[in-house]
Every structure is written in C-alpha cells, then in structure tokens.
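>>> the following comprises the amino acid sequence and a computationally predicted model.
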Amino acid sequence: MTEDSDTDQDTVPDPEEVVQRHERQLDAALAEVQEPTPSTDESLDLELPGLELHRRDFVKAGAATGAMAGLAGCSGGLLDSGGSDSGSNGGGTGANTDYHVPPGEKDTYYGFWSGGHSGEVRVVGVPSMREIRRIPVFQKEGGVGYGHDEKTKQVLEEGGDIGSVAGYEWGDSHHPVLSETDGDYDGRWLFINDKGSGRVARIDLKYFETDAITDVPNMQACHGMAVQSPDTEYVYGIGEFRVPIPNDGTDYDDPDDYWSVFAALDPETMTVEWQVRVDGNLDNADTGKDGEWAFATGYNKEHAVDAEGMTHDDRDFMKAFNIPAIEAAVEAGNYEEVNGVPVVDGRQDSQLNQGDDPVVKYVPTPKSPHGCDVEPQGRYVTASGKLSPTVTIVDIDELADASDPAEAIVGQPKVGLGPLHTTFDGRGNAYTTLFIDSQVAKWDIEAAVDAEKGSTDPISGKIDVHYNPGHLQAVESETTDPAGDWLISLNKLSKDRFISTGPIHPDNDQLIDISEDASSSATGGMELVADHPVHPEPHDCVVAHRDKINPNNVWDRADYEGEKPFVTQDASGVERTGDQSVEVQMSSSRSQFGLQEFTVQEGDEVSLTVTNIEDVRDIIHGLAIPQYGINLAIAPQDTRQVTFEASEPGVYWVYCTFFCSALHLEMRSRMIVEPSDS
Ligand code: K7E
Ligand code: CUA
C-alpha cells in the first residue's frame, strides 16, 4: 500500500483525508498565482472586483470550495439532487441514460476535437463520445496515408516553413471552428490553428481531409481561432507570442518592439488579407454575430518575457477589432506592408485609434483574461478571468458607442477560482470552467448584468469535474440557436479516474447533461453522466447536429477531373517517359492491382498513379512499398499519386494495407527494379 491513496483504486477514500489533500493541492496551485500589484496608472483605476483579493483570500475561499468538491467527489454525490448509492466517484446517478447509443444506432451530433500536440482533429460522436475518426492535419500519418501522396504532401509543404528552422514535423492544434452561413454551421469547412507555429489549416468536410494549410507571416504562434459570424467572411488567426519583426537576430533587445498580430484570412483562398498589430498579446478569440466585430483576450500587456512579468499588472485588455474600420484603413492604404501582408497599426497610440472610429478598442479587464466567448444572441462578449475569479461581460452595442471602452462592461459575476472558458445553452445560461476549483459554474447572463459587479448571486449551480477543466463546450454553442442538451468538460487531469497506464495519464472528457434547469439543485440541474479518457491533448471542441454535416461516402471523380486520371483496369500499364523516368498507372479493386507485376530500371524516377475503381462504400485499398516509404490509402473512386526514385535493384512486393476481402493477403503486385547495367 502506497502512502498516496490516489493510487489505490479499490477503496473509498476517507473524506477528511480528501479534504486535506485537496487543500494541499490548492495551496500548491495558488502559490503560482501572483499577488495583485496596485496599479500605478491612474487612468486604468477602475473598480474591478477580485482585485482586492490577496493570495490568503484565494486560499481560504479555495479551501472551502475544495472541501465541498472533495466531499461531493468521493461520497457518491452528496450534492446531487438525484442521490446515488453507487459509491462511485463523480456524483453521476445514472438516471439519465440517453447518452448511451446502442449498437447500430448513430449519434445525434458530430463533435470535432482538437488533438493538441498530436496535431490532429478527432471526430467524436455526441452523446456516445465514441471516437469515430482522426483527421491528421499538421503532420504525416500512416493510417490514411496523409502526407504520403502528392496531394496531401503538397498541402503540408505549402504550409511552408516561415520561421521554422528544422521544417515543421508536428503541430499543436487547439481551436477547431466550423464555417457558418447565417450564423449556423454550414458543414463546409473546419478551420484549426497551430500554436506550434503561425499555421492555420482548413479541413474540407465533404471528404474530412485537410485541404489547405497557410503559414501566416509575422506570427510565431497562432493560438486563438475564429470565423467571422454570421457568414464566414474571414477566418481569424490569433498571434500569441510576441516576436521581433524581422526575426533575424538583428534586433531583439527591446521586447516593447516585438509584434503580436491579429490575422484575417480569406476562407476560400486561405490567403492572408490583412493583419492588425496590437499592444500586448492575443490569446483567445470570438466574433460578434453581425459581421462588425471580432474580439480577443490577451495576457501580456506588460510586454514581458517571463511569467512574473506577464502576470505583474492587475489588469490586461480584451481587444475589440472594428472590422469595417480596419477594412477602410486597408482600402485607404493606411497600412505598412510587411512580408507581403498589409499590417494595420492597432496599437493604442496609433493614428488610426485616435478618432471616433478606432480600429481597435482596448477594454480593461482584471488580471490575465483567457476565454473569449460571444453569447448566442450576439449582445454580449465575455472574457473569463483566469487569474481573477470573475467573468467580464461587455455589451457589444455599448462598446461600439462608448468613448471609454470600460463603460461597456455591464457585468462581472464572481464565478470561482481560475475561470478559463465560457459556453452557452441558448436558454440564457452561461457555463464557465473553473480550473483551480475543478468545477463548472452555471450562471444566468441577464442576472449577471443586473447584479452588482463581483456578485455570486447570478450563479445557479456548480458541478465537480475531474479534474482541472480547460475548455468546455455546449452543443452548437457557437451558433445563434444552441441546442442546449449536452455539455462537454475537457479536463486536463484524470488522476484516479481510470486504470493506470503508467505515468502519462490521459485527459478526461466528461459529458454533462444540461437539458434541465433546476434551481433547487446545487448543480443548477447539471448532471455528470460519463467519463472518457483521451490521448494528449484536446483543448477545445465544436459540436454540430448531424444534419448539418454531409460528407460524401465515396469520391466524386468530378472533384479531381483534370488534375488526376481515373485509371481503369484496362488502362493499367507502364510507360517510359524519358531515359530515367517512367509512369506506372494501375487500378485497384477486390482483390488485385491492375498490374500483377511491373518492371522499372535502377535510377528511374517512378511516378505511380493508383485508382480505386470500386464504387462501393467502405472498400478502401492501400498501396505500400515500405522500402521506398510508399503508403497510399485510396478510397472508392479516388486516385492517389506518388513519385519516388527506384534507387536499389531487387524485387519489392507491393501490398494492400486495408483488409479489403478474403483475398486481401493475396492482393499484391511485384515491382522489379532491374540493375542499370543489365
Ligand atoms: Cu484554454 Cu489553447 Cu483554448 Cu487550452 S486554450 S485550455
Ligand atoms: Cu485491397 Cu486489401
């Protein structure tokens, strides 16, 4: 028996001990939170709740909440109105079984999860939470041959290498966003950022395949991501790390001169239309619902280069980008062209920010705000406080008119410790993750606007999650009409929730039923129904009703006509195109390649084209020549191509990688590379 009962999965822990352990953990977590420092800037001296709190207060408040969390978490749902006799961790009563999707039935929603530093996007069915597929984005992947055929290789290569020293080998995707028409998901594209570089990728939802990557200039880390509502007029990439421009080592002494930019891309062409340079940095983003405004939080108004500096001041800013004013500035030539992109100066002392129609408004918020979320009506934008226990609510119309942006702050509920992200159910409720408290707080938006700033009254309930949640997402929350039945809490730590797989633990995505509002319950009606371990590391997800996503089940040849041939069995053959180049074309079908064998000469550049001539769904063929690094996946009616140099003579078995029929193992071709002197 080890000292830490965390490792003992079979006994119910002593609640007293859990409370003490929780307090110790909170102490450790809060030791990292900077004590607020009095502002020296009088003009910024607002009455902002949370600022008067010192670390001792955080610890005290945290201990009380922590005790509650510990008790509820370990005694089978003391706080849960439904009651429970299961004795399991987490308080779910099992009363709601709608999340169980029986064999043969389908999920109601498509969930798109970012994969974090696995660089991918995952497709997850909601509410079953079954992982249905993975879509590789920022690096090669063997399962679907991504980055192995010419087309997807080119997507990765065109992703460029701006600022990359070694060439990008992976990405860090955080924020998946769906394209919209009329403020609703239109099922056309999914966009995703790479925090590991300045890249933005687009997934074509007709084929669930990455079809474009842009390496955004003047940006080292693209963190936040948003599409302009209501009609995807732009895709925004949000530059987090401040860097010198040009970043060539000539001038790096003064971090005040480093850059952080807000970039607007055309969703069709994926080219960067313009950027806005700001003071401070940029973190998360969202947009208003009428095409006029985009918003981004930031945590480094200090322009610091270390954590102590970045958390030094009591307040930071949410920036509000006035899209028509920015477009007018670009139109009028009021920009500097930097690395081929028009950059509008949106810093506070910019000429463009002096008049009645500034390009960027700086809204002061406490500490270092993180999540930035516009509610479905498009009336308010929220900034979740992170190091402040509050969420700041800004009235977007008032902001447009106010000469002092601080006047547009219309509410500031105190939700708990470590608020990171906020999502919405379409019934007027907001849900905010509390990273330090390991809870989700549910609160009433209008009540929060009516209440005093710093009030806890608007909170209608809290539920424990396990543990330390980052993002959370209610289904269809980004639309103007969310469905409001399910919420997912994406928890960073899973600790004791699953059988151990060694020291690298999975994250834990928890499914919460939010279909009921119950003011009598401590959770406000939220009910935890299921835990799901996930591979590192989703940050965020976006969830759309299945009726809004309509992929093809087989390829439509018309979509690549003119670019690639459709090779029939009869057309399969080898054609010499030059002294040292040869074209090999073949079909594939159950259970043979169009060529039983083919011969090339040592030193030939072989360009290989393979078509899957089947038109039956789910009959995929692979084509692998491992010694030459070849690994293609060819879906029905699709053609894929690859070019390689046949540098070593010998016999190479070409085999099919997808188990396609009873004769799958026999589905082979023989490549003979003849020695050049024969
Ligand atoms: Cu909060 Cu990258 Cu959205 Cu992670 S960010 S949690
Ligand atoms: Cu084709 Cu296996």
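Alright, I've got the coordinates. Ligands and ions are numbered 1, 2, ... in the order given.

>>> the nearest residue to Tyr652 once chain neighbours are set aside: what secondary structure?
The shortest distance from Tyr652 to any non-neighbouring residue, by C-beta to C-beta, 6 or more residues apart in numbering, is to Met671 (4.4 Å). (Each C-beta comes from the backbone N, C-alpha and C, glycine too.) Counting by DSSP: H, G, I helix; E, B strand; the rest coil, the backbone at Met671 sits in strand.

>>> just checking, Met671 touches Tyr655?
No - with contact defined as C-beta atoms under 8 Å, Met671 does not reach Tyr655; the gap is 10.7 Å.

>>> of those two, which one has the most company?
Per other C-beta atoms under 10 Å, whichever of Met671 and Tyr655 has more neighbours is Met671, with 22 against 17.

>>> that's a strand at Ala558, yeah?
No - looking at Ala558 with three-state DSSP, it is helix, so not inside a strand.

>>> pLDDT wise, what is it at?
Among the per-residue scores, Ala558 shows a pLDDT of 97.

>>> OK, contacts around it?
Under the criterion of C-beta atoms under 8 Å, 6 or more residues apart in numbering, Ala558 has no neighbours.

>>> ok, now how distant is it from Ala447?
Using C-beta to C-beta, to the nearest Å, one obtains 54 Å as the distance from Ala558 to Ala447.

>>> what's the nearest residue to the residue in the stretch 501-650 of the chain positioned nearest to ligand 2 if we skip its chain neighbours?
In the stretch 501-650 of the chain, the residue that lies nearest ligand 2 is His621 (3.7 Å; C-beta to the nearest ligand atom). Spatial nearest neighbour of His621, excluding adjacent residues (C-beta to C-beta, 6+ apart): Ser588 at 4.1 Å.

>>> re the thing from before, got a list of what the residue nearest to Tyr652 touches?
By C-beta under 8 Å, 6+ apart, the residues touching Met671 are 597-600, 625, 646, 651-654.

>>> hang on, the residue nearest to His621 in a strand?
Yes - according to three-state DSSP, Ser588 belongs to a strand.

>>> what is the mean pLDDT for stretch 265-284?
For stretch 265-284, mean pLDDT is 98.

>>> just to revisit the earlier point, just the buried residues from the contacts of Met671, in PyMOL please.
A single PyMOL command selects the buried members of the contacts of Met671 (16 or more other C-beta atoms under 10 Å):
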select buried, resi 598+600+625+646+652+654
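
>>> next step: the contacts of Met671 restricted to strands.
When DSSP state E defines the strands, the subset of those inside them is 597-600, 625, 651-654.

>>> so what's the residue count around the residue of the stretch 501-650 of the chain closest to ligand 2?
Neighbour count of His621, defined by other C-beta under 10 Å: 30.

>>> now it: how far from Thr568?
Distance, His621 to Thr568, using C-beta to C-beta: 15 Å.

>>> same thing with Asp677?
36 Å.

>>> tell me which element the residue of the chain found nearest ligand 1 is part of?
With C-beta to the nearest ligand atom as the measure, Gly470 is the residue of the chain nearest to ligand 1, at 2.7 Å. In the assignment (DSSP states H and E), Gly470 maps to strand 469-474.

>>> what about the closest residue to ligand 2 within the stretch 1-150 of the chain, how many residues nearby?
Nearest residue of the stretch 1-150 of the chain to ligand 2, counting by C-beta to the nearest ligand atom: Gly145, 13.2 Å away. Residues contacting Gly145 under the criterion other C-beta under 10 Å number 25.

>>> average pLDDT across the strand or helix carrying Asn631?
In the assignment (DSSP H and E), Asn631 maps to strand 630-634. Strand 630-634 carries an average pLDDT of 98.

>>> can you give the strand pairings for that strand, parallel or anti for each?
Next to strand 630-634 in the sheet, as set by DSSP bridges, lie strand 621-625 (antiparallel).

>>> just the angle for the partner strand relative to strand 650-655, thanks.
Strand 621-625 runs at 160 degrees relative to strand 650-655, counting by axes from the mean of the first three to the mean of the last three C-alpha atoms, to 10 degrees.

>>> restricting to C-alpha, output strand 621-625 in CSV.
C-alpha atoms of strand 621-625 as CSV (Å, rounded to 0.1, in the frame of the first residue of the first chain):
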residue,chain,number,x,y,z
HIS,A,621,-7.4,-0.2,-50.8
GLY,A,622,-3.9,0.6,-49.7
LEU,A,623,-0.7,0.5,-51.7
ALA,A,624,2.5,0.1,-49.8
ILE,A,625,6.1,-0.3,-50.9
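
>>> so how far is it off the chain centroid?
In terms of C-alpha atoms, centre = their mean, to the nearest Å, the centre of strand 621-625 is found 32 Å from the chain centre.

>>> list the contacts of it.
Residues outside strand 621-625 that contact it (C-beta under 8 Å, 6+ apart) are 145, 588-589, 593, 608, 610, 612, 614, 630-634, 640, 644, 652, 654-658, 660, 667, 671.

>>> same check on stretch 176-186?
In contact with stretch 176-186 (C-beta under 8 Å, 6+ apart) are residues 112-114, 121, 187-192, 225-227, 229-232, 235, 267, 289, 476, 478-481, 540-542, 544-545, 548-549.

>>> residues in the stretch 351-500 of the chain within reach of ligand 1, list them.
Counting by C-beta under 6 Å from any ligand atom, the positions of the stretch 351-500 of the chain adjacent to ligand 1 are 370, 420-421, 470-471.

>>> which of the three states applies to Leu156?
Three-state call for Leu156 (three-state DSSP): helix.

>>> what residues are up against it?
With C-beta under 8 Å, 6+ apart, Leu156 has these contacts: 138-140, 147, 213.

>>> let's go with 7 Å and repeat that
By C-beta atoms under 7 Å, 6 or more residues apart in numbering, the contact list for Leu156 reads 147, 213.

>>> what's the pLDDT at it?
Per-residue confidence for Leu156 comes out at a pLDDT of 93.

>>> same question for Glu17.
72.

>>> three-state assignment of it?
Going by three-state DSSP: Glu17 is helix.

>>> pull out the buried residues from stretch 319-326.
Residues of stretch 319-326 classed as buried: 319-323, 325-326 (neighbour count, 16+ other C-beta under 10 Å).

>>> flag every residue of this protein that's near ligand 1.
Contacts of the chain with ligand 1, taken as C-beta under 6 Å from any ligand atom, map to 174-175, 223, 284, 370, 420-421, 470-471, 539-540.

>>> can I get those residues in a markdown table including secondary structure, distance to Arg427 and neighbour count?
Below are the residues of the chain next to ligand 1 laid out as a markdown table (DSSP: H, G, I helix; E, B strand; the rest coil; distance: C-beta to C-beta, whole Å; neighbours: other C-beta atoms under 10 Å):
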| residue | secondary structure | distance to Arg427 | neighbour count |
| --- | --- | --- | --- |
| His174 | coil | 28 | 26 |
| His175 | coil | 25 | 23 |
| His223 | strand | 30 | 24 |
| Asn284 | coil | 24 | 29 |
| His370 | coil | 24 | 24 |
| Leu420 | strand | 22 | 23 |
| His421 | strand | 19 | 26 |
| Gly470 | strand | 24 | 21 |
| His471 | strand | 20 | 26 |
| His539 | coil | 26 | 23 |
| Asp540 | coil | 22 | 26 |
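
>>> who touches the closest residue in space to Val216 that isn't next to it in sequence in this structure?
Ranked by C-beta to C-beta, 6+ apart and with sequence neighbours excluded, the top spatial neighbour of Val216 is Gly198, at 4.2 Å. Gly198 sits next to 162-163, 215-216, 219-222, 239 when contact means C-beta under 7 Å, 6+ apart.

>>> top of these by neighbour count?
That'd be Cys222 among the contacts of Gly198, by other C-beta under 10 Å, with 33 neighbours.

>>> perfect, I'm done here.
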